[in-house]
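Participant: sequence and predicted structure below; questions after.
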Amino acid sequence: MGGHELDLQGSSAIDDADPPPEKYFDTREDPLPVAIPDLSRLLPGTQFVSEDDLGEFSLGAVLALHLGDTEGLRAALGWRGDRYRIWEDAAGASPSPTA
């Protein structure tokens, strides 16, 4: 990961940022749907490659790279939805609008 790693073993980050178990087991909060409008006209010369979402856990891991383990995971708690699309040009460069 480019010299940045999320330390999940031997770290109190997960314990410090952990939501209560009922968040996942008693009253699950499904992600909210996020729609990205068709942006292909804004990206001439590119080809659509992929579409997906990060989700709460992956977002926490990305934020942890910049904020530290505890704060990154805490910042992502309660995240309810995101979406991204990837386009590539002929050289493989990827301008990627997100929502």
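Facilitator: On my side now, so go ahead. Residues are numbered from 1 along each chain as shown.
Participant: pretty sure Glu51 sits in a helix.
Facilitator: No - applying DSSP: H, G, I helix; E, B strand; the rest coil, one finds Glu51 to be strand, outside a helix.
Participant: need the three-state assignment for Pro33.
Facilitator: Strictly by three-state DSSP, Pro33 counts as coil.
Participant: and it, its phi and psi?
Facilitator: Main-chain torsions, Pro33, degrees, to the nearest 10: phi -70, psi 140.
Participant: quick check: which element contains the closest residue to it other than its chain neighbours?
Facilitator: Leaving aside its sequence neighbours, Pro33 sits nearest to Gly81 (C-beta to C-beta, 6 or more residues apart in numbering; 6.6 Å). Just so you know, the C-beta spots here come from the backbone N, C-alpha and C atoms, and that holds for glycine as well. For Gly81, there is no host helix or strand (DSSP states H and E).
Participant: likewise Ile86?
Facilitator: Judged by DSSP H and E, Ile86 forms part of strand 84-89.
Participant: so which elements touch that strand?
Facilitator: strand 46-52 (3 or more C-beta pairs under 8 Å, 6 or more residues apart in numbering; DSSP states H and E).
Participant: can you name the next helix or strand after the strand it packs on?
Facilitator: Following strand 46-52 in sequence, per DSSP H and E, is helix 55-67.
Participant: before we move on, the earlier item: ok, the residue nearest to Pro33 to Asp89 distance?
Facilitator: For Gly81, the distance to Asp89 equals 28 Å [C-beta to C-beta, to the nearest Å].
Participant: next: Val49.
Facilitator: Val49 is 11 Å from Asp89, by C-beta to C-beta.
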